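[1] Give the three-dimensional model of this entry:
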Amino acid sequence: MSIPCTKIVCPPCLNERKDVMSTESEVIPKPSHKLALIIPARDRLEELLEFIPYMKKFLGNQGVTSEILVSNQGDGYRFNRASLINSGVGDILLLII
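    Numbering: from 1, shown residues only. Below is the predicted model:
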């Protein structure tokens with residue numbers, strides 16, 4: 001399900017504003033936030049090769065600015081999803097600082 005959006009005709013004075021993106025006849029506000037998508041995984045390369053391009057296209061069509069981080073567990077121990085998510089959050093925080 002997509003979120004309905006309203007197209008606004010762009011007055012000439014808005015063409016100079018830096019907080020909006022504009023095309024020929026419409027103004028689309030730039031998002032003031034970014035979405036970080038953390039994917040905990042282990043041995044799922046084939047699924048990731050399908051999922052990541054799909055999500056990039058989906059989020060791009062929605063106008064969402066995003067970063068996708070795959071947190072991969074490489075050892076033979078029991079899968080620890082929470083630890084991978086915590087590690088991913090730490091990595092994302094390092095990227096934005």
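[2] any idea how far residue 80 is from residue 64?
    29 Å (Cβ to Cβ, to the nearest Å). C-beta: built from backbone N, CA, C; applies to glycine.
[3] what secondary structure does residue 70 sit in?
    Secondary structure assignment for residue 70 (DSSP: H, G, I helix; E, B strand; the rest coil): strand.
[4] Find the helix or strand that the nearest residue to it once chain neighbours are set aside is a member of.
    What sits nearest to residue 70 in space, not counting adjacent residues and going by Cβ to Cβ, 6 or more residues apart in numbering, is residue 39, at 4.8 Å. In the assignment (DSSP states H and E), residue 39 maps to strand 35-41.
[5] ditto for residue 78
    Per DSSP H and E, there is no helix or strand for residue 78.
[6] Distance-wise, check it relative to residue 90.
    Taking Cβ to Cβ, one finds residue 78 at 21 Å from residue 90.
[7] more crowded one of the two?
    residue 90 (11 against 6; other Cβ atoms under 10 Å).
[8] what's near enough to touch the residue nearest to residue 42 when sequence neighbours are not counted?
    Once flanking residues are discounted, residue 42 sits nearest to residue 73: 4.4 Å by Cβ to Cβ, 6+ apart. Contacts for residue 73 (Cβ atoms under 8 Å, 6 or more residues apart in numbering) come out as 40, 41, 42, 79, 80, 83, 84.
[9] Can you name the residues that contact the nearest residue to residue 68 once chain neighbours are set aside?
    Spatial nearest neighbour of residue 68, chain neighbours left out: residue 37 (4.8 Å); criterion: Cβ to Cβ, 6+ apart. Under the criterion of Cβ under 8 Å, 6+ apart, the neighbours of residue 37 are 55, 59, 66, 67, 68, 69.
[10] right, and out of these, which lies closest to residue 33?
    residue 66 (9.9 Å; Cβ to Cβ).
[11] Out of the contacts of residue 73, which is nearest to residue 48?
    residue 41 (6.2 Å).
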